[in-house]
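**Student:** mind folding the following:
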Amino acid sequence: MFCQYCGKAIQDGLTTCLGCGNPVVPLETELRRPVVITILAILQLFSGVLCVLAAVAFSLTSMSTKNVSALLAIVFCVIGALNFICGYGLWNLKSYGRTIQLILACIGLIAIPLGTIISVLIVIYLHRPGVKILFSMKNWNELMPQEKIAVSTIHKPGAVVVAVVAAVFFFFAVVYLGIIAAIAIPNFINAMQRGKQKRTIADIRAIMTAVEEYRTNNGFYPTADSMPKLGRLLEPAYMEAMPCNDGWGHVYQYRAWKENETSPGIDSYALVSAGRDGAWEQNDPRAYSEKAPASFDADIVLVNGAFVQTPERSTTSGN
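**Tutor:** Numbers count the residues shown, from 1 in each chain. Below you'll find the model as predicted:
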């Protein structure tokens with residue numbers, strides 16, 4: 001065995017070269033992924049998963065609201081894909097994995113001060129001769145003797161320090177993505193509530209259509225003081241299956257009354273959802289005023305074929 005620094009022969013069992021005093025570094029017999037690269041690869045894959053989850057949350061929001069959520073969903077989807085590609089490349093020692101990691105580390109320089117320090121150390125590590133050779137896409141047998149020595153040195157115990165720094169970077173990234181998740185999760189919850197609200201409005205419209213058709217055929221609106229009784233009057237002639245509960249699982253309220261004494265029967269009705277909280281805002285549906293409430297707890301009210309209180313403030317007449 002010969003010293004990789006001065007070329008002097010080294011006796012078996014010695015850990016230090018007697019000629020130059022440098023430690024003896026046993027040569028590798030194959031290309032191995034250093035612990036630092038492994039940590040960085042796991043970090044990128046984990047970041048990719050979080051970005052995809054954030055993209056899903058923003059995309060669900062964009063389906064129910066017209067805002068920047070759709071754009072954010074695309075951005076996080078692209079970033080997540082980049083993380084996955086980088087993580088895969090680092091794990092399999094592909095040259096593009098190192099390149100993408102260098103780009104991401106350079107971007108991380110703006111995260112002053114901790115992100116800057118960690119990004120600088122990662123850039124320095126990825127520019128070590130042994131690391132550059134490791135990602136050169138060469139087989140072990142294709143490396144020159146000095147290249148094999150350079151690759152062997154990156155597995156020295158000193159590299160563990162860089163691994164610790166990479167672990168700090170991992171922690172920093174988790175905190176950073178945690179902030180993103182704190183933004184995305186409320187949007188996800190908001191999208192779910194918006195979906196329940198839209199389903200409720202669609203249900204009320206469907207029931208309204210059946211009630212108006214009932215009046216067309218009978219000359220008056222159905223008389224019922226509960227949703228099950230109304231269902232027995234409308235099913236199956238006017239609708240196949242009438243929904244009794246709104247998107248939040250609360251029972252709809254149906255009220256019918258006679259406004260004009262000369263009418264042959266019931267000439268007015270109201271359909272009301274109590275919203276997310278399940279609490280009625282008014283005991284009498286006629287007491288609601290026209291408005292477009294922003295809260296999911298607000299009641300959704302339709303009177304005589306027209307929405308009186310709804311987030312959409314749309315009016316649909318069945319007359």
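
**Student:** so who does G278 touch?
**Tutor:** 248, 250 (Cβ atoms under 8 Å, 6 or more residues apart in numbering). Any C-beta I mention is one placed from the backbone N, CA and C, and that applies to glycine too.

**Student:** any idea which element A105 lies in?
**Tutor:** helix 95-107 (DSSP states H and E).

**Student:** so which elements touch that helix?
**Tutor:** Judged by 3 or more Cβ pairs under 8 Å, 6 or more residues apart in numbering; DSSP states H and E, helix 95-107 is in contact with helix 35-64, helix 69-91, helix 114-126.

**Student:** list the buried residues in the first one.
**Tutor:** Within helix 35-64, the residues scored as buried using 16 or more other Cβ atoms under 10 Å are 35-37, 39-41, 43-48, 50-62, 64.

**Student:** quick revisit: in the helix holding A105, what's buried?
**Tutor:** Neighbour-count burial for helix 95-107, counted by 16+ other Cβ under 10 Å, picks out 97-98, 100-102, 104-105.

**Student:** which outside residues touch it?
**Tutor:** By Cβ under 8 Å, 6+ apart, helix 95-107 touches 40-41, 44, 82, 85-91, 119, 122-123, 126, 131-132, 135-137.

**Student:** if you set the cut-off to 10 Å instead, what comes out?
**Tutor:** Residues outside helix 95-107 that contact it (Cβ atoms under 10 Å, 6 or more residues apart in numbering) are 37, 40-41, 43-44, 47, 79, 82-83, 85-91, 94, 115, 118-127, 131-132, 134-137, 169, 173.

**Student:** tell me the angle it makes with helix 69-91.
**Tutor:** Inter-element angle recorded for helix 95-107 and helix 69-91: 130 degrees (by axes from the mean of the first three to the mean of the last three Cα atoms, to 10 degrees).

**Student:** for the stretch 151-300 of the chain, give me the ranges with low pLDDT.
**Tutor:** 155-184 (pLDDT under 70).

**Student:** which parts of it are strands?
**Tutor:** 253-257, 268-273, 300-303 (DSSP state E, counting those that start in this stretch).

**Student:** can you lay out these as a markdown table showing distance to R286 and mean neighbour count?
**Tutor:** Conversion of the strands of the stretch 151-300 of the chain to a markdown table gives the following (distance: least, Cβ to Cβ, whole Å; neighbours: other Cβ atoms under 10 Å):
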| stretch | distance to R286 | mean neighbour count |
| --- | --- | --- |
| strand 253-257 | 8 | 18 |
| strand 268-273 | 7 | 23 |
| strand 300-303 | 7 | 24 |
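
**Student:** can you list these in a markdown table and add distance to I154?
**Tutor:** Shown next, in a markdown table, are the strands of the stretch 151-300 of the chain (distance: least, Cβ to Cβ, whole Å):
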| stretch | distance to I154 |
| --- | --- |
| strand 253-257 | 72 |
| strand 268-273 | 65 |
| strand 300-303 | 64 |
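
**Student:** so which of the helices and strands packed on helix 95-107 comes closest to N260?
**Tutor:** Taking Cβ to Cβ, helix 35-64 is the member of the helices and strands packed on helix 95-107 nearest to N260, at 39.5 Å.

**Student:** tell me what that closest one is packed against?
**Tutor:** Counting contacts by 3 or more Cβ pairs under 10 Å, 6 or more residues apart in numbering; DSSP states H and E, helix 35-64 packs against helix 69-91, helix 95-107, helix 114-126, helix 129-134, helix 159-218.

**Student:** wait, which of the ones you listed is closest to N141?
**Tutor:** helix 129-134 (13.4 Å).

**Student:** tell me the centre residue of this protein?
**Tutor:** A54 (2.1 Å; Cα atoms, centre = their mean).

**Student:** ok, now how distant is it from A41?
**Tutor:** 21 Å (Cβ to Cβ, to the nearest Å).

**Student:** how about I79, nearest residue that isn't a chain neighbour?
**Tutor:** C51 (4.9 Å; Cβ to Cβ, 6 or more residues apart in numbering).

**Student:** hang on, the earlier thing: can the helices and strands packed on helix 95-107 go into a markdown table with extra columns for mean pLDDT and distance to A274?
**Tutor:** Shown next, in a markdown table, are those (pLDDT from 0 to 100; distance: least, Cβ to Cβ, whole Å):
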| stretch | mean pLDDT | distance to A274 |
| --- | --- | --- |
| helix 35-64 | 79 | 20 |
| helix 69-91 | 88 | 28 |
| helix 114-126 | 80 | 48 |
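
**Student:** identify whichever of these lies nearest to A202.
**Tutor:** Proximity to A202 (Cβ to Cβ) singles out helix 35-64 among the helices and strands packed on helix 95-107, at 12.6 Å.

**Student:** that closest one: how far from the chain's middle?
**Tutor:** 8 Å (Cα atoms, centre = their mean, to the nearest Å).

**Student:** angle of that helix against helix 114-126?
**Tutor:** Using the same axes, to 10 degrees, helix 35-64 lies at 130 degrees relative to helix 114-126.
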